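>>> quick one: sequence plus predicted model below, questions after.
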Amino acid sequence: MFNKILIANRGEIAIRIMRACRELGISTVAVYSEADKNALFAKYADEAVFIGPSPSSQSYLRIENIIKAAEETGAEAIHPGYGFLSENTHFASACRESGIVFIGPPPNAIDAMGSKITARQTMKAAGVPIVPGIEEGVSDPGDAEKMAESIGYPIILKPAAGGGGIGMKIVMSQEELLPALTSSQSVARSAFGDDTIYIEKYLTEPRHIEFQILADNRGKTIYVSDRECSIQRRHQKLIEESPSPVMTPDLRERMGSIAVKAARAIGYVSAGTVEFMYSRGDFYFLEMNTRLQVEHPITEMVTGVDLAKEQILIASGEDLGYSQEEMEIRGWAIECRINAEDPLNDFAPSPGKIKRYRSPGGPGIRVDSGVYTGYVIPPYYDSLISKLVAHGKDRREAIARMERALYEYIIVGVKTNVIFHKAVLRNARFRRGDINTQFIKEENIIEAVKDVAVEDDEKGKSLASALGADSRKIAAISAAVGSYLSQQKAGEKT
Ligand code: ADP
């Protein structure tokens, strides 16, 4: 077992991993940028090493700075969290070359899933069903037209190196194809430094269902739980739940076995997620995330497995301590991603100082966060304040607990998407579990958010207003400060 682990990440996920280390009796090293000098995760760690200026390109993405910090502190292993360097083959290899254990899959498994085109080819060869489409890149407009014709409209253009829904374009007919291809290519070039685009059939009204898997070094691979992640905006997840409302024991067995097959096909080790599109009883491989995911807590809540801890144990050479038969799902868990953003202004980020903060508690509630009263959310990174998770004996109780927790949540000083979550949770279709990836648009949730905002502020329907916090006034001041700061920092942003 390791004595010391460096966490190459920040915010709530850095704390999440340090919690696992603390329980295992392992010392922790945080790395932090200029903007994170006063961040909770840097204080939580046993040691903290400064790695550079605020923009992540000069700190959290600097491989050499992170390896140096591990060497200087004597950390034997590095956990990359999610985002940043977590799916970077060069980083995983650099760790190896420096004699440091990378807590995650081997570099070749990251590589196998790094390009969506290669991943599709590998999965197809392994007998895993993939979304209908083409397994090669396209740049010539004539070729694109022929491919699209053969698949049949609507289609979706995707950057092969993509992530986060960036650069994906839905194309309904041939007239839209050329401008969409040009735009996709240029976004992909600037976001990923690679403008390879490929074409998939665009499935209408699909669900996004994914499977958490765990694999050890001896090839033992299991699926842990399924997650429904269809509540999305711009192809990015906002609310996740486990299990999926459409899951049956038979479907779970079939999809889970395919997920295990996908992982085995690339010699996968550690925690990972196999994502599927599900449409009218059929399911297709979408991609595999070769890291711990943002939404991993809902799986932990329904299975009792500590995924971060398992990753560390596996990386230290231990065998997986669970069998497939032990993976029973108990109750239901829902996660809301609480972001500092304004749902009434196209979800514009709302960095700034948190003037008052009180997180919910009580039965079945888990809050993973890295903030506190007086903390200033920096404008450089993503706007996640916390992950609010509710667990109940069934879906109905999980929803009721989440609504109760959202009522209790006090965050004053920055705008948040708490009102957005309230609007989704009260929606009749959501409550029936009748959801798909187009839900937010189809149900016009943004209009419903306006009603919630008025109720919260004017009718006092939140604990913050009951306690006399005038959130709008304070938010206005902080927005002014925030925009001043972002003007100052313009150009530094990554
Ligand atoms: P990224 O890696 O950029 O997140 P994914 O391939 O994982 O992209 O897809 C993200 C989301 O985009 C999916 O959850 C789904 O909502 C939508 N999507 C992707 N591919 C398709 C498809 N072929 N048909 C319909 N929706 C899709």
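Thanks, I have the structure now.

>>> any idea how far residue 241 lies from the ligand?
As for residue 241, its distance to the ligand is 14 Å (criterion: C-beta to the nearest ligand atom, to the nearest Å). From N, CA and C alone the C-beta is placed, and that goes for glycine too.

>>> could you check what's spatially nearest to that residue, not counting adjacent residues?
If you skip the residues right next to it in sequence, residue 241 has residue 334 as its closest partner in space, 4.6 Å away by C-beta to C-beta, 6 or more residues apart in numbering.

>>> what pairs with the one you found across the strands?
Applying DSSP bridges to residue 334 gives these bridge partners: residue 241, residue 390.

>>> and it, how far from the ligand?
Applying C-beta to the nearest ligand atom to residue 334 and the ligand gives a distance of 17 Å.

>>> for residue 302, same thing?
Where the ligand is concerned, residue 302 sits at a distance of 21 Å (C-beta to the nearest ligand atom).

>>> residues in contact with that residue?
Residue 302 sits next to 225, 242, 243, 329, 330, 331, 332, 333, 391 when contact means C-beta atoms under 8 Å, 6 or more residues apart in numbering.

>>> save those residues as a markdown table, and put in pLDDT too.
Compiled in a markdown table, the contacts of residue 302 are given as follows (pLDDT from 0 to 100):
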| residue | pLDDT |
| --- | --- |
| 225 | 97 |
| 242 | 98 |
| 243 | 98 |
| 329 | 97 |
| 330 | 98 |
| 331 | 98 |
| 332 | 99 |
| 333 | 99 |
| 391 | 98 |
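
>>> and the residues you listed, which are buried?
Among the contacts of residue 302, those buried by neighbour count (16 or more other C-beta atoms under 10 Å) are 225, 242, 243, 329, 331, 332, 333, 391.

>>> tell me if I'm right that the second one and residue 297 touch.
No - under the criterion of C-beta atoms under 8 Å, residue 242 makes no contact with residue 297, lying 9.3 Å away.

>>> mind listing the shared neighbours of the two?
Each of residue 333 lies in contact with both residue 242 and residue 297 under the rule C-beta under 8 Å, 6+ apart.

>>> near the ligand, which residues of this structure are found?
Counting by C-beta under 6 Å from any ligand atom, the chain comes close to the ligand at 131, 156, 162-165, 200-203, 206, 208, 232, 235, 275, 277, 286-287, 437.

>>> mind doing that once more with 5 Å?
Where proximity means C-beta under 5 Å from any ligand atom, the interface of the chain facing the ligand comprises 131, 156, 162-163, 165, 200, 202-203, 208, 235, 286-287, 437.

>>> how about these in TSV, adding neighbour count and secondary structure?
Conversion of the residues of the chain next to the ligand to TSV gives the following (neighbours: other C-beta atoms under 10 Å; DSSP: H, G, I helix; E, B strand; the rest coil):
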residue	neighbour count	secondary structure
131	21	coil
156	20	strand
162	23	coil
163	15	coil
165	13	coil
200	21	strand
202	22	coil
203	20	coil
208	22	strand
235	15	coil
286	22	strand
287	21	strand
437	21	coil
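
>>> farthest-apart pair in those, please.
Put simply, by C-beta to C-beta the two of those set farthest apart are 163 and 203, 19.4 Å from each other.

>>> so what's the most centrally placed residue in the chain up against?
When the chain is reduced to its mean C-alpha position, the nearest residue by C-alpha atoms, centre = their mean turns out to be residue 294, at 3.6 Å. Residue 294 is in contact with 13, 82, 237, 337, 384, 387, counting by C-beta under 8 Å, 6+ apart.

>>> dihedrals phi and psi, the fourth one?
Same thing as residue 337. phi -80, psi 110 (degrees, to the nearest 10).

>>> figure out the helix or strand that residue 454 lives in.
Take DSSP states H and E as the rule and residue 454 turns out to sit in helix 445-458.

>>> show me what that helix is packed up against.
Based on contacts counted as 3 or more C-beta pairs under 8 Å, 6 or more residues apart in numbering; DSSP states H and E, the elements that helix 445-458 packs against are helix 418-425, helix 463-466.

>>> excluding its backbone neighbours, what's nearest residue 40?
Leaving out its chain neighbours, residue 40 is closest to residue 370 (C-beta to C-beta, 6+ apart), at 4.9 Å.

>>> I figured that neighbour hits residue 43, correct?
No - taking contact to mean C-beta under 8 Å, the distance of 10.1 Å between residue 370 and residue 43 leaves them out of contact.

>>> between these two, point out the one with more neighbours.
When residue 370 is set against residue 43 and neighbours are counted by other C-beta atoms under 10 Å, the residue ahead is residue 370, at 22 against 13.

>>> next one: the helix holding residue 454 to chain centre, how far?
Averaged C-alpha coordinates place helix 445-458 at 26 Å from its chain's average position (C-alpha atoms, centre = their mean, to the nearest Å).

>>> now do the buried residues in that helix.
445, 446, 448, 449, 452, 453, 456, 457.

>>> and the first one, what pLDDT?
Model confidence at residue 445, expressed as pLDDT, equals 97.

>>> do the third one as well
Reported pLDDT at residue 448 in the predicted model: 97.

>>> quick one: contacts for it?
423, 426, 427.

>>> rerun that using 6 Å as the cut-off
Taking C-beta atoms under 6 Å, 6 or more residues apart in numbering, we find residue 448 in contact with residue 423.

>>> do you know how far it is from residue 422?
For residue 448, the distance to residue 422 equals 9 Å [C-beta to C-beta, to the nearest Å].

>>> tally of neighbours for the closest residue to residue 30 other than its chain neighbours?
With C-beta to C-beta, 6+ apart as the measure, residue 45 is the residue that lies nearest to residue 30, at 3.5 Å, once sequence neighbours are left out. Applying other C-beta under 10 Å, we find 23 other residues in the vicinity of residue 45.

>>> contact partners for residue 45?
With contact taken as C-beta under 6 Å, 6+ apart, residue 45 is in contact with 18, 28, 30.

>>> which of these fall in strands?
28, 30 (DSSP state E).

>>> can I get the contacts of residue 45 in TSV including neighbour count and pLDDT?
Shown next, in TSV, are the contacts of residue 45 (neighbours: other C-beta atoms under 10 Å; pLDDT from 0 to 100):
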residue	neighbour count	pLDDT
18	23	98
28	25	98
30	28	98
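
>>> would you reformat the contacts of residue 45 as TSV and include distance to residue 117?
What follows is the contacts of residue 45, written out as TSV (distance: C-beta to C-beta, whole Å):
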residue	distance to residue 117
18	37
28	38
30	36
